[in-house]
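>>> Output the structure for:
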Amino acid sequence: MEIVYFCADKNKTPFLIMLFDSDIYAERRQRLRSLVRSGIIVLMGNNDSPMNYPANGYKFRQDSSFLYFFGQTRDGLVGVIDCESGEEFLIGDDIDIDDIIWYGSVQSVAELARQVGVSSSKPMAALADLVAEAQRTGRTIHLLPPYRYDIKIQLADLLGVHPLQIQASQALIDAVVALRSVKTSDEIREIEAACAIGYQMHTTAMRLCRAGISEQYIAGVIGGIASSFGCITSFPSIVTQHGEVMHGYPSSAPLEEGRLLLVDAGAETNSNYCSDHTRTSPIGGKFSQRQREIHDIVADCHDLAMTLAKPGVKYLDVHLDVCRLMTERLKDLGLMRGDIEEAVRAGAHALFLPHGLGHMMGMDVHDMEGFGQVHVGYDNETRPSEQFGLASLRMGRRLQEGFVVTDEPGIYFIPALIDLWRSEGTCAEFLCFDKIEQYKDFGGVRIEDDILITADGCRPLGEELIPYRASDVEAYIAEQQEA
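As a prediction, the model looks like this:
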């Protein structure tokens with residue numbers, strides 16, 4: 001493979017930005033074909049997407065599964081695999097002179113196909129012929145769930161159905177999930193490169209965490225770091241003093257002394273692998289006693305998950321063990337009461353933790369979630385729950401070596417949810433609402449790392465772990481702000 005070096009810090013190891021060899025893509029397609037077995041597979045690449053008028057587009061992001069199997073980042077491409085004959089096609093139109101004038105010369109579709117080991121290329125008009133022939137002969141056309149409306153319309157035209165009648169192939173979903181879930185060593189190095197960029201993002205946010213600086217400013221600075229060393233942020237950065245809001249996107253509000261700043265952010269490398277970390281920092285550099293108590297519980301829950309996660313263990317069980325520890329510690333603070341097992345079984349802890357412990361990571365920050373999380377984080381053995389809180393656990397099935405998942409416990413004090421549960425008497429036998437009322441101005445704490453499941457356990461990804469213990473966070477902020 002070709003390796004290009006980038007480095008966010010001249011004193012640190014360069015990031016490895018990899019372009020995989022053609023035989024890697026060829027092997028992936030062969031394995032996909034052997035799993036699906038019959039019919040034709042149509043993998044749609046993405047098109048340009050306009051922001052506010054056609055010529056002003058968002059930064060292009062290729063579909064992850066198309067990238068995984070066909071490797072090319074140009075817009076307007078489709079990959080087709082014939083499961084029986086083994087024929088493969090890269091389909092797309094070569095650009096014309098008008099595009100060349102504005103955007104420069106690019107390689108032909110035939111050359112793009114050759115780079116990823118595909119012997120045949122065809123213009124986009126040929127896709128309709130391939131699909132029509134498959135329909136005429138009664139062959140199955142395997143599609144992944146489309147998530148962009150232009151692709152839905154394109155597929156509807158090809159298939160002759162209403163866009164809402166497009167049926168994704170469960171066989172293809174299962175095959176892609178099986179292949180993409182287990183990361184190779186090359187993929188792990190790419191995710192670690194994203195984690196290295198994430199380290200720069202989060203430590204910069206800690207350095208800037210002081211009164212008067214706005215949430216938007218911090219989000220802009222760390223977003224610039226992602227763009228300068230990688231492709232983009234892996235999702236819109238969450239930078240907020242309202243940590244009780246799960247997706248609290250940055251506002252123009254200046255940071256206030258004594259509050260907590262929650263930053264949930266990640267980077268995406270030039271090869272489109274992602275990182276996802278969360279840290280919660282005290283504005284002003286010091287946690288109050290109350291903040292430290294809650295932060296310590298979350299940090300201990302984070303560490304417990306790291307000791308439990310290993311091949312063969314259900315991540316659902318790791319989540320529930322984390323919930324038990326959280327409940328025990330919240331009892332110690334007088335916020336919960338009663339039997340711990342009964343409280344967790346009833347879902348009482350979900351007042352404080354209304355989401356799951358983690359999700360899959362890879363080329364998507366919530367890897368393959370567009371297929372339907374029930375197909376990615378669950379299987380025939382482990383099924384999702386309908387209980388509040390537990391229903392939001394995205395990853396519950398047994399872990400395998402090579403999985404990359406997030407470890408992201410949190411404790412949140414959500415005033416509207418507290419008021420609702422108190423008025424309805426929800427889990428009142430386990431919750432000390434009078435004491436909880438005193439925390440309604442608290443916000444929230446979340447700590448998140450990306451972990452690789454190894455042969456006998458797990459390890460956090462990234463050459464250097466972002467400070468997360470309360471004393472380490474305080475020491476890092478003090479050191480950086482004095483420098």
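
>>> biggest helix in this protein by residues?
Ranked by residue count under DSSP state H, the longest helix found in the chain is helix 185-208.

>>> other SSEs contacting the helix or strand just after that helix?
Under the assignment DSSP states H and E, the closest C-terminal helix or strand after helix 185-208 is helix 215-229. The contact analysis (3 or more C-beta pairs under 8 Å, 6 or more residues apart in numbering; DSSP states H and E) places helix 215-229 against helix 185-208, strand 232-233, strand 238-240, strand 260-265, strand 267-268. C-betas here are computed from N, CA, C, even on glycine.

>>> okay, the angle between helix 215-229 and helix 185-208?
150 degrees (axes from the mean of the first three to the mean of the last three C-alpha atoms, to 10 degrees).

>>> tell me the angle of helix 215-229 relative to strand 260-265?
Put simply, helix 215-229 runs at 30 degrees to strand 260-265, going by the same axes, to 10 degrees.

>>> Could you pull out the buried residues of helix 215-229?
215, 217, 218, 219, 221, 222, 223, 225, 226, 229 (16 or more other C-beta atoms under 10 Å).

>>> Now do the contacts for the fifth one.
Contacts were defined as C-beta atoms under 8 Å, 6 or more residues apart in numbering; by that measure residue 221 touches 204, 205, 208.

>>> Might one say that the first one is in contact with residue 220?
No: contact criterion C-beta atoms under 8 Å: residue 204 and residue 220 do not qualify, at 11.0 Å.

>>> about what we covered before: could you export the helices and strands packed on helix 215-229 as CSV, including distance to residue 138?
Shown next, in CSV, are the helices and strands packed on helix 215-229 (distance: least, C-beta to C-beta, whole Å):
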stretch, distance to residue 138
helix 185-208, 37
strand 232-233, 42
strand 238-240, 49
strand 260-265, 48
strand 267-268, 41
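
>>> Any chance of TSV for these, columns mean neighbour count, distance to residue 335 and mean pLDDT?
Listed next are the helices and strands packed on helix 215-229 as TSV, based on neighbours: other C-beta atoms under 10 Å; distance: least, C-beta to C-beta, whole Å; pLDDT from 0 to 100:
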stretch	mean neighbour count	distance to residue 335	mean pLDDT
helix 185-208	22	28	97
strand 232-233	21	34	96
strand 238-240	24	23	98
strand 260-265	26	17	98
strand 267-268	29	35	98
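
>>> Which one of those lies nearest to residue 473?
Closest approach to residue 473 among the helices and strands packed on helix 215-229 is made by helix 185-208 (6.8 Å; C-beta to C-beta).

>>> Tell me who's in contact with the nearest residue to residue 450 once chain neighbours are set aside.
Leaving aside its sequence neighbours, residue 450 sits nearest to residue 461 (C-beta to C-beta, 6 or more residues apart in numbering; 4.6 Å). Residues in contact with residue 461 (C-beta under 8 Å, 6+ apart) are 188, 191, 192, 195, 275, 404, 449, 450, 451, 452.

>>> out of the residues you listed, what pair is the most spread apart?
Spatial extent of these (C-beta to C-beta) is set by the pair 188 and 449 at 14.5 Å.

>>> Could you look up the SS state of the residue most central in space within the chain?
In the chain, the centroid-proximal residue (C-alpha atoms, centre = their mean) is residue 365; its distance is 1.6 Å. Of the three states, residue 365 takes coil under DSSP: H, G, I helix; E, B strand; the rest coil.

>>> what's the burial count for the nearest residue to residue 460 once chain neighbours are set aside?
Leaving aside its sequence neighbours, residue 460 sits nearest to residue 449 (C-beta to C-beta, 6+ apart; 4.8 Å). Neighbour count for residue 449, taken as other C-beta atoms under 10 Å: 26.

>>> Residue 449 reaches residue 279, doesn't it?
No: applying C-beta under 8 Å, one finds residue 449 not in contact with residue 279, separated by 9.6 Å.

>>> Between these two, which contacts overlap?
Contact criterion C-beta under 8 Å, 6+ apart; residues shared by residue 449 and residue 279: 466, 468.

>>> Not counting sequence-adjacent ones, nearest residue to residue 370?
Using C-beta to C-beta, 6+ apart, the closest residue to residue 370 is residue 147 (4.9 Å).

>>> I'd say the one you found and residue 371 touch.
No: counting by C-beta under 8 Å, residue 147 stays clear of residue 371, with 9.6 Å between them.
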